[in-house]
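Participant: Quick one: sequence plus predicted model below, questions after.
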Amino acid sequence: MSPAQHKREEIRFGKLRWLNIYNPNETDTKYLARKFKFHHLDLEDCLGTNQRPKIDEYPSYLFITLHVPVVHARTKRVREQEIHFFVVDGYFITIHEGNKTIKKLFSQCQKKKTVKEEYMHAGSGYLLYKVVNDLFESAFPILDDVSSSLVEIERDVFENDLQRDKLKEILALKKDIINFRRIIIPQRAVIAQLEHKNTKYSPDNLEIYFDDIVDTIEKMWSMLENYKELAESLHETNETIISHNTNNIIKVLTVFSVIMMPLTVITGFYGMNLEPLPFAENGNPVLIVGLIMFGVVVSMLSYFKIKKWI
């Protein structure tokens with residue numbers, strides 16, 4: 001990890017301080033252990049990856065791990081980002097790998113006194129609510145992008161007659177939806193627990209606030225359910241149309257093959273070195289044989305048309 005990527009900064013409003021650490025290292029965990037006496041297992045979780053979402057309650061602090069959906073800068077695909085929170089009386093600590101929402105929010109609190117007062121006036125529990133709420137609200141633009149992609153693919157599938165194969169785009173979109181669902185599912189339980197575990201860190205009852213975040217997550221889940229069904233329907237429709245087009249192509253090729261069979265017989269018959277062949281003594285045998293072949297083609301096409309095979 002490049003040292004330039006690491007940062008530890010702090011802002012203060014009244015009796016509350018917000019310590020923001022991105023790309024943490026062992027120096028940060030030693031500092032937190034020395035200053036706050038956090039459990040060493042919690043500090044190890046902050047340096048690790050792929051920790052499960054959870055909330056651990058201690059006599060003097062809360063430790064929370066959440067996952068939020070973000071868009072990977074290079075692949076443009078949905079992935080999860082891990083964020084850790086320590087909620088202490090008088091302190092709120094965020095640890096992450098450069099989450100854009102937290103960085104933007106922290107910068108706004110640094111630059112604008114009104115924003116800092118809005119977020120930090122009611123204690124660390126309320127600040128936790130505001131930050132977590134913003135994190136999940138920031139996921140809605142990702143859902144909007146998924147919705148736009150679904151609409152675009154739907155238009156291509158039904159209106160453009162699949163001049164370009166959309167299977168790769170559909171599968172990539174289904175993967176994004178699956179990843180989004182996988183990220184959101186465990187967060188519901190963690191946020192629900194927060195309704196009852198933060199009251200001692202704020203003078204106000206925050207149950208209704210965290211219940212609002214639960215409603216936000218439920219709304220996301222409902223949207224993802226709809227997107228999942230639509231993506232599956234588009235996948236099935238795409239496969240059906242591709243199969244139908246393939247069958248049409250095979251039908252046309254079959255018609256050509258069947259028509260060519262009697263023509264091949266005729267040309268093979270006249271290719272034999274036998275005498276006398278029909279019409280061979282005629283003044284213009286090529287024209288007669290050609291007319292016979294043309295008649296065969298017309299007759300077969302007419303028969304196929306009557307049978308509605310073409």
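Facilitator: Happy to help now that I have it. Residues are numbered from 1 along each chain as shown.

Participant: does Pro69 sit in a helix, a strand or a coil?
Facilitator: Recorded secondary structure, Pro69: strand (DSSP: H, G, I helix; E, B strand; the rest coil).

Participant: and it, how far is that from Lys305?
Facilitator: 56 Å (C-beta to C-beta, to the nearest Å). Where you see a C-beta, it was placed from the backbone N, CA and C, and this is true even at glycine.

Participant: Also Ile21?
Facilitator: For Ile21, the distance to Lys305 - C-beta to C-beta - is 77 Å.

Participant: of these two, who's got more company?
Facilitator: Higher neighbour count among Ile21 and Lys305: Ile21, with 21 against 10, using other C-beta atoms under 10 Å.

Participant: What helix or strand is the more buried one located in?
Facilitator: With secondary structure defined by DSSP states H and E, Ile21 is part of strand 16-22.

Participant: what packs against that strand?
Facilitator: Counting contacts by 3 or more C-beta pairs under 8 Å, 6 or more residues apart in numbering; DSSP states H and E, strand 16-22 is packed against strand 7-13, strand 91-96, helix 100-111, helix 124-137.

Participant: Kindly recompute the last result at 10 Å.
Facilitator: With contacts taken as 3 or more C-beta pairs under 10 Å, 6 or more residues apart in numbering; DSSP states H and E, strand 16-22 sits against strand 7-13, helix 26-36, strand 78-88, strand 91-96, helix 100-111, helix 113-120, helix 124-137.

Participant: what lines up beside it in the sheet?
Facilitator: In the sheet, strand 16-22 lines up against strand 7-13 (antiparallel), strand 91-96 (parallel) (DSSP bridges).

Participant: Of those, flag the one that's most buried.
Facilitator: Comparing these by mean neighbour count (mean count of other C-beta atoms under 10 Å), strand 91-96 comes out on top with a mean of 23.

Participant: Just want the angle from that strand to helix 100-111.
Facilitator: 140 degrees (axes from the mean of the first three to the mean of the last three C-alpha atoms, to 10 degrees).

Participant: give me every residue that touches Thr29.
Facilitator: 21, 38, 40, 42-47, 95 (C-beta atoms under 10 Å, 6 or more residues apart in numbering).

Participant: Could you work out the most separated pair of the residues you listed?
Facilitator: Across the contacts of Thr29, the longest distance by C-beta to C-beta is 16.7 Å; it joins Ile21 and His40.

Participant: Wait, a strand at Leu62?
Facilitator: Yes. Counting by three-state DSSP, Leu62 is found in a strand.

Participant: what's across from it in the sheet?
Facilitator: For Leu62, the beta-bridge partners are Glu57, Val87 (DSSP bridges).
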